[in-house]
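>>> Starting from these lines, generate the structure:
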Amino acid sequence: MKTILVPVDLTAAAEPALAYANKLAVRWPAEVVLLYSHPGPALTPEEVAEFEYRLETLAERLRYQQLVRQDARRIRYHYQVVAGCLHDHVQSIVARYGADLVVMGLEHTDCGKPANNGDHAARITELVSCPVLVVPPGRRPLPSRLVYATDFGRLPLATLPRLSALAGAFPGMLELVQVYSPQQRGNLTYLKRAVAASKSQLSWPTITTKLVEDDDPIEGISDYCARTQAQLLVLTPSREGELMRFFDKCYALTQAYHLQIPVLVLGHPAQVVAAVCCERCAKELQLQTIADSLKVTSLV
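The predicted structure is shown next:
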């Protein structure tokens, strides 16, 4: 049995993430662990019991609102209440329950403060070893069209079995998308081979590949997802600061497409090893990393 950890802040903003997790729990199937981190000092047993009751009430209400009764009854819930900030506890809770996936809201409030410039979602992905699914506001069905975007030229193939393990939860059409800059046109053969190598390692019903040219990898993949009406974006960041930019509130204000659909973060930059085919690629990688750092600085 799989386990989905759902951090909630007991606000209305947490409901879309739990509703989405409920649908995944039925399809996969999986158990659901609801985690609430209460800002402040240690809680009394009476306070813990009260918050657990509120979590149970939320779970019972949503599962019968969003699912048919037969499916809703199949979900088994666990409730966990801790004092302090979520990022201080999430790592130990993931380990305690052996969570296979964390499902969280895009607008999650932690330590009594709302997320700022995407730092909350980015921070959680750095702390846990399992994939993190970030769900924006609104109700939506489970996806049938998925896009996996990363720099396949730098992606360790050992990352891919973790994605294949999620095929049962997301059995749709998967497209591997490599965004490259105009300066990388001379390396297209290498990139095509890297994408093909990743495709061969994935167990998915239907897989296609695509190379997209754009100066900015984030805006390039966002535009591509909008054109193809992707319903889920799987992302493995390849550089430090990339997730901070990806979840930045400026994109929410401009209603960028990549923040209008669920985003599954598979791994983080510390797990991605640079793999370049020549000295020229190494120099381009170095310049791109510097450029990304400057973009992050300008957004903060």
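
>>> Make sure P143 is actually in contact with Q231.
Yes - because the distance of 3.5 Å satisfies Cβ atoms under 8 Å, P143 is recorded as touching Q231. In short, each C-beta sits where N, CA and C put it, glycine included.

>>> Now the common contact residues for the two.
Shared contacts of P143 and Q231 (Cβ atoms under 8 Å, 6 or more residues apart in numbering): 172, 261-262.

>>> Which one of those residues is nearest to L157?
Lowest distance from L157 to the shared contacts of P143 and Q231 (Cβ to Cβ) belongs to G172, with 22.2 Å.

>>> give me the number of residues near the nearest residue to that closest one once chain neighbours are set aside?
In space, and not counting its chain neighbours, G172 is closest to S144: 4.0 Å by Cβ to Cβ, 6 or more residues apart in numbering. Neighbourhood size, S144 [other Cβ atoms under 10 Å]: 12.

>>> okay if I get the shared contacts of P143 and Q231 as JSON lines plus pLDDT?
Converted to JSON lines, the shared contacts of P143 and Q231 look like this (pLDDT from 0 to 100):
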{"residue": "G172", "pLDDT": "91"}
{"residue": "I261", "pLDDT": "96"}
{"residue": "P262", "pLDDT": "96"}
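
>>> If any of those residues are buried, give me the ChimeraX selection for them.
Under the burial definition 16 or more other Cβ atoms under 10 Å, those of those that qualify are selected in ChimeraX by:
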select :172,261,262
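
>>> Among the shared contacts of P143 and Q231, which are located in strands?
Counting by DSSP state E, none of the members of the shared contacts of P143 and Q231 fall within strands.

>>> export the shared contacts of P143 and Q231 to CSV and tack on distance to K210?
What follows is the shared contacts of P143 and Q231, written out as CSV (distance: Cβ to Cβ, whole Å):
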residue, distance to K210
G172, 16
I261, 17
P262, 20
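
>>> List just the nearest of the shared contacts of P143 and Q231 to Q65.
Nearest to Q65 out of the shared contacts of P143 and Q231 is P262 (Cβ to Cβ; 19.0 Å).

>>> Find the least confident helix or strand in the protein, judged by mean pLDDT.
helix 279-299 (a mean of 46; mean pLDDT, DSSP states H and E).

>>> What's the per-residue pLDDT of S203 here?
For S203, the pLDDT comes out at 89.

>>> Surely it forms part of a helix?
No - assigned with DSSP: H, G, I helix; E, B strand; the rest coil, S203 falls outside any helix and is coil.

>>> can you pull out the strands in the chain?
Using DSSP E, strands in the chain cover 2-8, 30-38, 77-83, 101-105, 109-110, 113-114, 132-135, 145-149, 173-180, 206-213, 232-235, 263-265.

>>> quick one: low-confidence ranges for this structure?
Scanning the chain for pLDDT under 70 picks out the ranges 115-118, 268-300.

>>> can you list the domain ranges for it.
Domain assignment for the chain, taken from automatic domain parsing, gives 2-135, 145-299.

>>> so how many other residues sit close to P156?
Neighbour count of P156, defined by other Cβ under 10 Å: 12.

>>> Okay, buried residues for stretch 249-257 please.
Buried, per 16+ other Cβ under 10 Å, within stretch 249-257: 249, 251-252, 256-257.

>>> Now do the contacts for the nearest residue to A13 once chain neighbours are set aside.
The shortest distance from A13 to any non-neighbouring residue, by Cβ to Cβ, 6+ apart, is to E107 (4.3 Å). Contacts for E107 (Cβ under 8 Å, 6+ apart) come out as 13, 114-115, 136-137.

>>> I'd like the distance between E107 and E15.
Distance, E107 to E15, by Cβ to Cβ, to the nearest Å: 11 Å.

>>> do R69 as well
Distance from R69 to E15, by Cβ to Cβ: 19 Å.

>>> Please apply the same query to T44.
Counting by Cβ to Cβ, the gap from T44 to E15 is 27 Å.

>>> In terms of neighbours, single out the busier of the two.
Per other Cβ under 10 Å, whichever of T44 and E15 has more neighbours is E15, with 19 against 9.

>>> How about the contacts made by that one?
So, once contact is read as Cβ under 8 Å, 6+ apart, E15 ends up touching 58, 62.

>>> hang on, Q178 packs against R154?
No - between Q178 and R154 there is no contact under Cβ under 8 Å: 10.7 Å.

>>> neighbour count winner among the two?
For Q178 and R154, the more surrounded residue by other Cβ under 10 Å is Q178, and the numbers stand at 26 against 18.
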